[in-house]
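In: build me a model from this:
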Amino acid sequence: MKFFTKKRIVLFLLFIFPLLCFLLLSTGINNASKLPIYNESALDITIIDSTKTLKNKVSLICFLGDDIVNNKGGIFNLNQNIYKKFIEHNDFQIIAIYPKGTEEEVLNFKKELGAFTNMAKWKFTEGSRENINTFFSSFNTNASLNNVYTSNVFLVDKNGYLRERTDDAEKKERKVIGYDMNSVAELKKIMKDDINVLYYEYYAAFKNKNKADRKEVGL
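Out: Numbers count the residues shown, from 1 in each chain. Just a heads-up that it's a prediction; the model follows:
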């Protein structure tokens, strides 16, 4: 057929086909379920440190515990597989909570981590054991702290709401509320995807707000 000339086929492959793929992917993401909210009443990090906040930030919360030397493997996993993927987002932060009395160990660890990492979005936060336990308890999960440590890292949105995943593809019977820092697969396959979904929520909300604003001014 004359319609399918070589020139038209090349133009289709270069311009039309990529556009169709983009539209299909955008539609799929737009129709995907949002990342559910697990808890809207978790306390703000200000209970531990009044200079820090979860508001207007996409935050990952981790608890370093008394023995950071033996627990640091998970933090390195988190740094490599999550932190470095999202550090360019201005509203992204990781809050690493440690108990009073472990300052020297944490300082040494920060130097070790900082040797190959831009530490700008790492927020190391010292607190009393009582305040750390109170803050963690407000998450209201089934997990528990052992010597103010857990291998789970928690995803909190810009409103301070704790998020979860309710459709774990690999283990459909479980919800994912905290992500295991010791599991590279869980960080890369589940947590990274969930953070992307959360950011897409904000992108979609911003795009819809712009459309609504344009309609109001008659553009």
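In: so I97: helix, strand or coil?
Out: Secondary structure for I97, judged by DSSP: H, G, I helix; E, B strand; the rest coil, is strand.
In: sorry, that was for F63
Out: For F63, the reduced secondary structure class is strand; criterion used: three-state DSSP.
In: correct me if wrong: it contacts N146.
Out: No: the pair F63 and N146 does not pass the contact test of C-beta atoms under 8 Å, sitting 9.5 Å apart. In this view, the C-beta of every residue, glycine as well, is placed from N, C-alpha and C.
In: who has more neighbours, those two?
Out: Legend: neighbour count by other C-beta atoms under 10 Å for F63 and N146, higher for F63 (27 against 12).
In: who does the closest residue to L155 other than its chain neighbours form a beta bridge with?
Out: If you skip the residues right next to it in sequence, L155 has R163 as its closest partner in space, 4.7 Å away by C-beta to C-beta, 6 or more residues apart in numbering. Each beta-bridge partner of R163 is listed here, defined by DSSP bridges: I37.
In: next, count neighbours for R163.
Out: The burial metric for R163, expressed as a neighbour count using other C-beta under 10 Å, is 22.
In: what's near enough to touch it?
Out: With contact taken as C-beta atoms under 8 Å, 6 or more residues apart in numbering, R163 is in contact with L35, P36, I37, Y38, L155, V156, D157, D194, L198.
In: what subset of those residues is buried?
Out: Buried members of the contacts of R163, scored by 16 or more other C-beta atoms under 10 Å, are L35, Y38, L155, V156, D157, D194, L198.
In: please identify which of these is nearest to E88.
Out: L198 (15.5 Å; C-beta to C-beta).
In: shouldn't the closest one be within a helix?
Out: Yes: L198: assigned to a helix according to three-state DSSP.
In: so where do the helices sit in this structure?
Out: Read by DSSP state H, the chain holds these helices, from start to end of the chain: 6-11, 17-31, 68-78, 84-86, 103-114, 129-137, 184-186, 192-216.
In: which of these has the lowest mean pLDDT?
Out: Within the helices of the chain, the stretch with the lowest mean pLDDT is helix 17-31, showing a mean of 46.
In: neighbours of S128, how many?
Out: Using other C-beta under 10 Å, the number of residues around S128 comes to 13.
In: likewise S144?
Out: By the measure other C-beta under 10 Å, the count of residues near S144 is 10.
In: give me the beta-bridge partners of the nearest residue in space to it that is not next to it in sequence?
Out: Leaving aside its chain neighbours, S144 sits nearest to T150 (7.3 Å; criterion: C-beta to C-beta, 6+ apart). Note on T150: beta-bridge partners by DSSP bridges are F63.
In: my read: T150 touches G178, true?
Out: Yes: here T150 lies in contact with G178, judged by C-beta under 8 Å, at a distance of 7.0 Å.
In: which residues do the two both contact?
Out: When contacts are counted by C-beta under 8 Å, 6+ apart, T150 and G178 have A143 as shared neighbours.
In: for the residue sitting nearest the centre point of the chain, list the residues it contacts.
Out: Most central residue of the chain, judged by C-alpha distance to the mean C-alpha position with C-alpha atoms, centre = their mean, is I195 at 4.2 Å. Taking C-beta under 8 Å, 6+ apart as the criterion, I195 is in contact with V58, I82, F86, L155.
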